[in-house]
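S.K.: Could you work out the structure for the sequence below:
(4 chains)
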There are 2 protein chains.
Amino acid sequence: MKTSKDKNRIPEATMRRLPRYFLQIKRLLDEGSRYVSSKKLGDYLGVKGTQIRKDLSYFGVFGKARYGYETLSLAKAIKKILGLTKQYKMVIVGAGNIGRALASYSGFHTCGFDVKYIFDIDDKKIGNIISGVKVYDFNKIEEILDKGEIDIAIISTPENKALQAAQRLKDNGVNAFYNFTSAELNSIEDVFIEDAEISHGIFKLAHRLRGKWPRKESD
Amino acid sequence: MKTSKDKNRIPEATMRRLPRYFLQIKRLLDEGSRYVSSKKLGDYLGVKGTQIRKDLSYFGVFGKARYGYETLSLAKAIKKILGLTKQYKMVIVGAGNIGRALASYSGFHTCGFDVKYIFDIDDKKIGNIISGVKVYDFNKIEEILDKGEIDIAIISTPENKALQAAQRLKDNGVNAFYNFTSAELNSIEDVFIEDAEISHGIFKLAHRLRGKWPRKESD
DNA sequence: TAGATTGTTAATCGATTAACAATC
DNA sequence: TAGATTGTTAATCGATTAACAATC
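M.R.: A predicted model of the protein is given here:
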């Protein structure tokens, strides 16, 4: 496991907030706001102004005293930080309920994430078209994918197939995984993993409902 | 915003790990393991043994020196902590791609989360049955729901409808929300909110692919 | 017993925030 | 100018982990 002890490393907490900053700034842009202060942006998101200024300072993003941040250039800066200036090619592995929903998810396409292939092992699904994307036989994946062609794989298989699927994708040159199963993919070396297991969130809600605190992570 | 400064408060970071502990222990139970050490459990999850022992100590969960933790009683303890000993009644608001996938998501039902109603405002969807659950007219929600009947609402509407939908649900006695939209629901007072916006995760992956660090949040 | 593993303490590390001089 | 807001420093707060006596 390659851990960077880089002094210039971006704090994880900052990275968790950045997508929310980005989406809120896009909303402000849509409304025609030209400037936004860290205070005002923070109020929208339940974050303190100092926090936002500090987060942005890691990236050398500068506002103007008295005016705040220019929305358009801030949006561009965060877009660059988040790596949204290039296109990403994705595959979805597992054409179940979640996989199909993700294939149709508009948020990917509008931000430069293109689903190129969907894979499954079910003959009834292979050959189908989901949101304009064809379902291929996962067992023929080596014939279909060029090495290095795919940037990100979404894993939406049954839990007990997730690890072997991800490993096989890695062997084919994929090294970023968005994992929607509850499987632990930690054992795969030298790849990026983002977990998005749905039941985790509902467990946390259940805990808070029982215990009655706190309302949000950020509280 | 009611923020507990309780000294006995469970750290957020602990709460984020607990669901993963729970699922891994269930896997171990399925394999027939009767005991597991904090070291071994941690190795499965990429977490240090001390971390696990500390997390569990907040809840007064005790292992046995030399043996570790008894899997069955540990599973029961975490189940209780997470509030999974009771049933939760849910509604899904928005019968789009994500809403339909969630209605069919087996992870909810098997853990005691029951989807009672699905709501939408589209006449073409109202009256349909999705995974055995009927789609109702959101505009008649007050006639359909008894106050206090519903524990958790899943928000899977378009972004620009999310806030008003959640507010209307709150007015009908719902005070926990699992938000799958990118809308910010912070402005609703005195409710529990868990965000699960899909694009946030893919943004973080894109950032790491660009910058090449770090592989996982936990690294 | 011997040794593996516990729960807890204290040290370290990282993230948040109050305070404030600089500045537009 | 006057005052709002910035970027940064230093203090605080919270989370992780090394160390270790206790214990099964």
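
S.K.: Check the secondary structure at the residue lying farthest from the centre of chain A for me.
M.R.: Within chain A, the residue lying farthest from the chain centre (Cα atoms, centre = their mean) is A:Arg66, at 33.9 Å. At A:Arg66 the chain is in coil, as set by DSSP: H, G, I helix; E, B strand; the rest coil.

S.K.: roughly how far out does stretch A:182-189 sit from the chain middle?
M.R.: Per Cα atoms, centre = their mean, to the nearest Å, the displacement of stretch A:182-189 from the mean C-alpha position of its chain is 17 Å.

S.K.: Identify the residues contacting it?
M.R.: Residues from elsewhere that reach stretch A:182-189 (Cβ atoms under 8 Å, 6 or more residues apart in numbering or on different chains): A:1, A:155, A:159-160, A:162-163, A:166-167, A:170, A:177, A:179, A:191, A:193, A:195, A:197, A:199-200, B:20, B:23-24, B:44-46, B:107, B:216. C-beta here means a position set from N, CA and C on the backbone, and glycine is covered the same way.

S.K.: List the buried residues in the longest strand along chain A.
M.R.: Criterion DSSP state E: the longest strand present in chain A is strand A:113-120. Buried residues in strand A:113-120, counted by 16 or more other Cβ atoms under 10 Å in any protein chain shown: A:Phe113, A:Val115, A:Lys116, A:Tyr117, A:Ile118, A:Phe119, A:Asp120.

S.K.: mind listing the helices for chain A?
M.R.: Applying DSSP state H to chain A gives helices spanning A:12-30, A:38-45, A:49-57, A:71-81, A:97-103, A:106-110, A:141-144, A:159-171, A:198-211.

S.K.: most tightly surrounded among the ones you listed?
M.R.: Counting by mean count of other Cβ atoms under 10 Å in any protein chain shown, helix A:97-103 has the highest mean neighbour count of those, with a mean of 24.

S.K.: and the longest strand of chain A with helix B:198-211, angle?
M.R.: Interaxial angle, strand A:113-120 versus helix B:198-211 (axes from the mean of the first three to the mean of the last three Cα atoms, to 10 degrees): 100 degrees.

S.K.: What's the mean pLDDT across strand A:113-120?
M.R.: The pLDDT scores in strand A:113-120 average 98.

S.K.: tell me which strands and helices that strand is in contact with?
M.R.: Applying 3 or more Cβ pairs under 8 Å, 6 or more residues apart in numbering or on different chains; DSSP states H and E, one finds that strand A:113-120 makes contact with strand A:88-93, helix A:97-103, helix A:106-110, strand A:133-137.

S.K.: follow-up on the earlier one: pull the contacting residues for the residue farthest from the centre of chain A.
M.R.: Neighbour list for A:Arg66: empty [criterion: Cβ under 8 Å, 6+ apart].

S.K.: before we move on, back to that, each with direction, which strands does the longest strand of chain A pair with?
M.R.: Next to strand A:113-120 in the sheet, as set by DSSP bridges, lie strand A:88-93 (parallel), strand A:133-137 (parallel).

S.K.: to the chain's geometric centre, what's the distance from it?
M.R.: Chain-centre distance of strand A:113-120: 15 Å, with Cα atoms, centre = their mean.

S.K.: re earlier: a markdown table for the helices of chain A, including mean pLDDT and distance to DNA strand D?
M.R.: Below are the helices of chain A laid out as a markdown table (pLDDT from 0 to 100; distance: least, Cβ to the nearest atom of the strand, whole Å):
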| stretch | mean pLDDT | distance to DNA strand D |
| --- | --- | --- |
| helix A:12-30 | 96 | 9 |
| helix A:38-45 | 97 | 4 |
| helix A:49-57 | 97 | 4 |
| helix A:71-81 | 95 | 10 |
| helix A:97-103 | 98 | 28 |
| helix A:106-110 | 94 | 28 |
| helix A:141-144 | 97 | 36 |
| helix A:159-171 | 97 | 23 |
| helix A:198-211 | 92 | 14 |
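
S.K.: Compare the ones you listed and give me the one nearest B:Leu28.
M.R.: helix A:159-171 (14.2 Å; Cβ to Cβ).

S.K.: Can you tell me what sits against the closest one?
M.R.: The contact list for helix A:159-171 (Cβ under 8 Å, 6+ apart) reads A:91, A:93-94, A:138, A:141, A:150, A:153, A:155, A:157, A:177, A:179, A:181-185, A:187-188, A:191.

S.K.: Show the buried residues in the residues you listed.
M.R.: Using 16+ other Cβ under 10 Å as the threshold, A:91, A:93-94, A:138, A:141, A:150, A:153, A:155, A:157, A:177, A:179, A:181-185, A:188, A:191 are the buried ones among these.

S.K.: Among those residues, which are located in strands?
M.R.: Using DSSP E, the buried ones among the contacts of helix A:159-171 in strands are A:Val91, A:Val93, A:Ala153, A:Ile155, A:Phe177, A:Asn179.

S.K.: Most widely separated two among those?
M.R.: A:Val91 and A:Asn179 (13.4 Å).

S.K.: and chain A, what are its domains?
M.R.: Following the assignment in automatic domain parsing, chain A carries domains at A:12-79, A:88-200.

S.K.: a markdown table please, covering those domains and showing distance to B:Ile10.
M.R.: Compiled in a markdown table, the domains of chain A are given as follows (distance: least, Cβ to Cβ, whole Å):
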| stretch | distance to B:Ile10 |
| --- | --- |
| domain A:12-79 | 18 |
| domain A:88-200 | 15 |
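
S.K.: Report pLDDT for A:Glu217.
M.R.: If you check A:Glu217, the pLDDT there is 41.

S.K.: Please identify the residues of chain A in proximity to DNA strand C?
M.R.: A:11-14, A:47-48, A:50-51, A:54, A:64-67 (Cβ under 7 Å from any atom of the strand).

S.K.: Phi and psi next, for A:Leu84.
M.R.: phi -100, psi 10 (degrees, to the nearest 10).

S.K.: Looks like it contacts B:Phe203 (just checking).
M.R.: Yes. Between A:Leu84 and B:Phe203 there is a contact under Cβ atoms under 8 Å: 7.0 Å.

S.K.: Show me the common contact partners of these two, please.
M.R.: Common contact partners of A:Leu84 and B:Phe203 (Cβ under 8 Å, 6+ apart): A:Cys111.

S.K.: Contacts only, for A:Tyr35.
M.R.: A:Tyr35 neighbours (Cβ under 8 Å, 6+ apart): A:Lys64, A:Tyr67, A:Gly68, A:Tyr69, A:Glu70, A:Thr71.

S.K.: I appreciate the help and will end here.
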